[in-house]
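Asker: Fold the following and give me the result.
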Amino acid sequence: MIETIDALDRKILSQLQRDASIGLEALGEAVGLSRNATWRRVRALDQSGVIRKRVAVLDADMLGLNLSVFIQIRTNRHDPEWLTHFAAATREMPSILAAYRMSGELDYLVHARVADMAAYDALYQELIRRVDMSDVAASFVMEELKETTALPL
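Answerer: The predicted model follows:
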């Protein structure tokens, strides 16, 4: 378990956010550590859960998923059973990339990526079939100005 994240850990994490496939030798050179010291730090970051997983970030447009949509959801039910059911439904639907419980007037915000409007309609139909909601609205992304998975370190 890591007690504190120091400057070297932050350098390692910054490098891994840019390229998780970087080898230990190159990573060590980039942060000024030996291969073994780098390995120990990366292992500790992995084991502590700071590094949740390592993934490839894909180009959605090149894969035919050209429509990014944010779905705003309001519900009249705020009981744990409904939330459990809603969370399970969103996890089981591959087109849904993220789902958030919100503060304020909006109850939930869902981000999805689909091929086109017909695919969005199919997603919408599936979601309302699975979960009782009082109001659903969607906003479609016209231009992506910034999207990143990198956290500010």
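
Asker: Quick test: name the residue nearest the centre of this protein.
Answerer: Centroid check for the chain by C-alpha atoms, centre = their mean gives Ala98 as the closest residue, at 5.9 Å.

Asker: And the helices in this protein?
Answerer: Assigned by DSSP state H, the helices in the chain fall at 7-18, 24-31, 35-48, 80-92, 117-130.

Asker: what's the closest of the ones you listed to Val69?
Answerer: The minimum distance between Val69 and the helices of the chain falls on helix 117-130, with 5.7 Å, by C-beta to C-beta. Where you see a C-beta, it was placed from the backbone N, CA and C, and this is true even at glycine.

Asker: Off-centre distance for that closest one?
Answerer: 21 Å (C-alpha atoms, centre = their mean, to the nearest Å).

Asker: quick one, what contacts the residue lying farthest from the centre of the chain?
Answerer: Distance from the centre of the chain peaks at Ser34, with 31.9 Å (C-alpha atoms, centre = their mean). Shown in contact with Ser34 (C-beta atoms under 8 Å, 6 or more residues apart in numbering): Gly28.

Asker: in the protein, which segments are predicted with low confidence?
Answerer: Counting by pLDDT under 70, the chain contains low-confidence residues at 1.

Asker: again, only using 80
Answerer: Along the chain, the model assigns pLDDT under 80 to residues 1-3.
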